[in-house]
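Peer 1: here is the input, now give the coordinates:
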Amino acid sequence: MTSKVREIISHLTVKPNTIFLIDSLGALLTALSLFVVLRNFNEYFGMPITILTCLSVIAACLCIYSMTCFFCLKENYVPFLRAISICNLLYCILTLALIIVYYPMLTVIGIAYFFIEIAIVCGLVYIEHKVATAISKVD
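Peer 2: Numbers count the residues shown, from 1 in each chain. Next up, the predicted model:
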């Protein structure tokens, strides 16, 4: 683990509600990308519109959850961090499964988009897990 990642984890351990803000903004960006951009330019990505709509609804729900945690939580962050981390991981697994199922329909740009999204979300899952573990050790 690089020193920059350790520094980020240390900062988020002290201010754990910040990770919920980051998560909610990322989920909002994903929901908007899927619902507005990918649906309107579907010929460049290849994923069926109904699937994009479902993925955008899931991302919107994750956004609402994280934003609610950001505004409402004042303590006991660990179970909520673990919950969003698991949900994000399940979202990645679902996206990977959809890449496999719809592979023949996807374009190179579509495959690249979804793999980049998976990589970013998995990075966030890693950080959320490390922050939750660090907070657990302190408590």
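
Peer 1: what is the longest helix along the chain packed up against?
Peer 2: Longest helix in the chain by number of residues (criterion: DSSP state H): helix 108-138. Under the contact criterion of 3 or more CB pairs under 8 Å, 6 or more residues apart in numbering; DSSP states H and E, helix 108-138 touches helix 3-14, helix 17-32, helix 78-101. Where C-beta positions appear, they are placed from N, C-alpha and C, glycine not excepted.

Peer 1: tell me which of these sits nearest to residue 130.
Peer 2: Residue 130 lies closest to helix 3-14 among the helices and strands packed on helix 108-138, at 4.9 Å (CB to CB).

Peer 1: buried residues in the closest one?
Peer 2: Residues of helix 3-14 classed as buried under the neighbour-count rule (16 or more other CB atoms under 10 Å) are 8, 9, 12, 13.

Peer 1: reformat those as CSV; add distance to residue 104.
Peer 2: As requested, these are exported to CSV (distance: CB to CB, whole Å):
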residue, distance to residue 104
8, 39
9, 40
12, 40
13, 44
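
Peer 1: next up, the contacts around residue 26.
Peer 2: Listed by CB atoms under 8 Å, 6 or more residues apart in numbering, the contact set of residue 26 reads 120, 121, 124.
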